[in-house]
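[1] Turn this into a structure:
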Amino acid sequence: AENLPEIMNDSVVAAKEELLDECETIWKQMEECQNKLTLLRAEPLPESDAKLSLLMTRMKALTVEYNQWQQRSPEIISTNPEVLLALGKEELQKVKKDLEMVLSTVRSKNKKLKEDLEREQRWHDEQEQILEALKGIEEEMKNEIVSSCKKRAFEELKNEMLKLKAYKEELLNALGEFLEEHFPLPEEDGSTKKKKKKSSEGPAKQLITLHEILEILINKLMSTPHEPYVTINDSFWPPYIELLLRCGIALRHPEDPNRMRLEAFHQ
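    The predicted structure follows:
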């Protein structure tokens, strides 16, 4: 049993030597065939049809070689089982090395693909986080814009109302000054006092200015637009009432002449 490896090595060496001898024999046969072909090609050819004869010779040689290859069956290099075993082992070792190289290459590619996949997955997760953050910022900005727009619109409306109030005050003040200047209290007129003395027996009621009459008519129209008529009493000086009616500023009630209203200029 101890001498078994040495016997196997000796047999393998003998098989290799036998295989080399067979290869040398085959090589010698090939050299002889090559020499014969060289001699055949070296024979002189007629000058007239040299090219045609050369082509025909080549065609015949190729045809013969083709037929031989068609009829030839694969030959075993050697029938010695030890030689075949050694060749099989060598071939298997080559195949094993090739497969190991392929396996190593595939593993390396798989590792790189796995790393690329992990990197792409991390990048995808980062992009998802950025997208969510951007959506949150967009929502906050929308809310801020809406709130700021509402606030700005409210401020603008408030400013407009203040301007309108200020303009209204200016108009009322200008109207009051105009009426006080051009339509003073009737008590300041002497003829008015005489008329009042003749027409009134009891204590006279205090008359109001044209400005106050207009204020009463305006407030009545604004507070109760469905019932804008005001009852004419003794504090309304008749000339002022006639002035308002003639100028189309006021209108009498169609059924009660003692009531009048302000013309609805805003409608």
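[2] low-scoring pLDDT stretches of the chain, where are they?
    By pLDDT under 70, the weakly predicted segments of the chain are 1-12, 40-50, 72-79, 186-205, 266-267.
[3] helices and strands around the lengthiest helix in it, which ones?
    The single longest helix within the chain, with elements called by DSSP state H, is helix 81-182. Judged by 3 or more Cβ pairs under 8 Å, 6 or more residues apart in numbering; DSSP states H and E, the packing partners of helix 81-182 are helix 4-42, helix 210-223. The C-beta positions use only the backbone N, C-alpha and C, and glycine is treated the same way.
[4] what about Asn173, neighbour count?
    10 (other Cβ atoms under 10 Å).
[5] try Met141
    Neighbours of Met141 under the rule other Cβ under 10 Å: 10.
[6] so which of the helices and strands packed on helix 81-182 comes closest to Leu54?
    helix 4-42 (8.8 Å; Cβ to Cβ).
[7] Tell me the first helix or strand C-terminal of the closest one.
    Downstream of helix 4-42, the next assigned helix or strand under DSSP states H and E is helix 50-71.
[8] and that next one, which residues are buried?
    Residues of helix 50-71 classed as buried: none (neighbour count, 16 or more other Cβ atoms under 10 Å).
[9] coming back round to it: from the chain's centroid, how far away is the longest helix of the chain?
    Distance of helix 81-182 from the chain centroid (Cα atoms, centre = their mean, to the nearest Å) equals 9 Å.
[10] looking at the helices and strands packed on helix 81-182, which is buried most?
    Looking across these with neighbours counted as mean count of other Cβ atoms under 10 Å, the highest average goes to helix 210-223: a mean of 16.
[11] List of residues touching that one?
    175-176, 179-180, 183, 228-230, 236-237, 240-241, 243-244, 249-250, 260-262, 264 (Cβ atoms under 8 Å, 6 or more residues apart in numbering).
[12] Of those, which belong to helices?
    Using DSSP H, the contacts of helix 210-223 in helices are 175-176, 179-180, 240-241, 243-244.
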